[in-house]
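# I would like to see how this sequence folds:
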Amino acid sequence: MRKIILITGGQRSGKSLQAENLALSLSKNPVYLATAHIWDDEFRERVRKHQERRGDNWTNIEEEKFLSRHDVCGRVVVVDCITLWATNFFYDSDKTVKEQPTVEEALSSLKTEFDRFTLQDATFIFVTNEIGSGGVSENEIQRRFTDLEGWMNQYVASRADEVILMVSGIPVKIK
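From the prediction side, this is the model:
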């Protein structure tokens, strides 16, 4: 039976660990679908620590954009995370600033890919950040990305069976 769970919260609120623990409570062999693009050595180290925390019973998949390429039918899959996934649609390192997609184009692509991916009969646990909770940035690009992230979070939450807000390591069920 298809199920979508969204786990959201601030940076370092315990979202990923909550998602992993939930996945392990539902399956002995869950899937971890990492959407991160490795930008630098510090981020590479963060990824390494995440991987080290998980055991050999996880199936690890790295996919920056096209989640629907992967067959996860019948599985429990943690998608970590929407924020980094959205970044990959918002910013293309192969393009100039003028060639970057608009917020509307990136959002449309994200929604389409989300819908394709979640058509599968699986349990999906999406992790995301509440980046808009901290105020309005002075930077135009950051404001545009915050808009994209907020709208995508709303889209996923509207389709989710459950939504959990992480506050200081404590899960608060909001839907």
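
# residues making contact with the helix or strand of the chain with the lowest mean pLDDT?
The weakest-scoring helix or strand in the chain, judged by mean pLDDT, DSSP states H and E, is helix 41-53 (a mean of 79). Defining contact as C-beta atoms under 8 Å, 6 or more residues apart in numbering, one finds that helix 41-53 is touched by S16, L17, E20, A34, A36, I38, N60, D80. Backbone N, C-alpha and C define where each C-beta goes, glycine included.

# gap between L22 and E63?
Remark: distance between L22 and E63 (C-beta to C-beta, to the nearest Å) = 21 Å.

# show me what contacts D56?
Taking C-beta under 8 Å, 6+ apart, one finds nothing in contact with D56.

# any weak-confidence spans in this protein?
For the chain, the stretches flagged by pLDDT under 70 are 93, 97, 137.

# which parts of it are helices?
Using DSSP state H, the helices found in the chain span residues 15-26, 41-53, 82-90, 103-117, 140-159.

# which residues does the fourth one contact?
I take that to be helix 103-117. By C-beta under 8 Å, 6+ apart, helix 103-117 touches 65-68, 70, 85-86, 89-90, 101, 124, 144, 147-148, 151-152, 155-156, 159.

# roughly how far is it from the heart of the chain?
13 Å (C-alpha atoms, centre = their mean, to the nearest Å).

# what of the shortest one?
The gap between where helix 82-90 is centred and where its chain is centred comes out at 8 Å by C-alpha atoms, centre = their mean.

# which neighbouring elements make contact with that helix?
helix 103-117, helix 140-159 (3 or more C-beta pairs under 8 Å, 6 or more residues apart in numbering; DSSP states H and E).

# about what we covered before: kindly write the ChimeraX command that selects the buried subset of the contacts of helix 41-53.
A single ChimeraX command is used to select the members of the contacts of helix 41-53 judged buried by 16 or more other C-beta atoms under 10 Å:
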select :16,20,34,36,80
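
# in CSV, list the contacts of helix 41-53 along with distance to F114.
Shown next, in CSV, are the contacts of helix 41-53 (distance: C-beta to C-beta, whole Å):
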residue, distance to F114
S16, 19
L17, 23
E20, 21
A34, 16
A36, 17
I38, 23
N60, 21
D80, 15
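
# mind listing what's buried in the least confident helix or strand of the chain?
In helix 41-53, counting by 16+ other C-beta under 10 Å, buried: H50.

# let's number from 11 now, not from 1
Yep, numbering from 11; the last one is helix 51-63 now.

# cool, thanks, signing off.
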